[in-house]
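>>> Fold the following, please.
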Amino acid sequence: MSFPVNRLVAEAQAFVDRSIQAWTDGHAYHFVICSMGHEVIGACGMERASGGSDHHFSFGYCLSPCEWNKGFATEVASAFRDWFLTAPEVYRLSAVVDVENPASCRVLEKAGFSFEGILRRWAIHPNLSSEPRDVKMYARVK
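Residues are numbered from 1 along each chain as shown. Predicted structure coming up:
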């Protein structure tokens, strides 16, 4: 994940508050992922690409490890893809994946995203390292 795990209720509340403001501003949209039994099993979101461009959004997702390999991530990526295909003003939808996460690469490929290349030292994943890590860029364009 590109953000640290919340360890305190106050940290989680601050994230919810920031998410509500970002939604209101039209900059980012965060969602919870629920099972059919309505249990929260993860989260996902999308945001306008840097610079506030209206034509490019990026997205991401995270799931509880006990929910991996059950198709939920592919369902989420496909839902973002389907939204993208109906958004006339959006021409690019992208996601980055840590180079050591082949499962998420497969998820994006199954959802119809194309591998575009490796971005060196691109993203800090604070739960793995404090240094920027290489990521694979995937995108869908129209």
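
>>> Beyond the longest helix belonging to the chain, next helix or strand please.
Using DSSP state H, we find that the single longest helix of the chain is helix 9-25. Using DSSP states H and E, the next helix or strand after helix 9-25 towards the C-terminus is strand 28-34.

>>> residues of that following strand that come out buried?
For strand 28-34, the neighbour count (16 or more other C-beta atoms under 10 Å) marks 28-30, 33 as buried. The way it works is simple: take the backbone N, C-alpha and C, and place the C-beta from them, glycine included.

>>> where are the low-confidence patches of the protein?
Within the chain, the stretches with pLDDT under 70 are 1-6, 51-52, 127.

>>> now the strands: where do they sit in it?
Taking DSSP state E as the criterion, the chain contains strands spanning 28-34, 40-48, 56-63, 92-98, 114-123, 133-141.

>>> now for those strands, which one comes closest to A22?
Nearest of those to A22, taken as C-beta to C-beta: strand 28-34 at 3.8 Å.

>>> partners of that closest one in the sheet?
The strands that strand 28-34 pairs with in its sheet are strand 40-48 (antiparallel) (by DSSP bridges).

>>> mind checking how far the partner strand is from the chain centre?
For strand 40-48, the separation from the chain centroid amounts to 6 Å (computed by C-alpha atoms, centre = their mean, to the nearest Å).

>>> which other residues reach it?
19, 22, 26-35, 54, 56-64, 67, 72, 76, 80, 93 (C-beta atoms under 8 Å, 6 or more residues apart in numbering).

>>> Spell out for me the ChimeraX command that would select the buried members of these.
In ChimeraX, this line selects whichever of those come out buried by 16+ other C-beta under 10 Å:
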select :19,22,28,29,30,33,56,57,58,59,60,61,62,63,72,76,80,93
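
>>> Since that was my last question, I'll sign off now.
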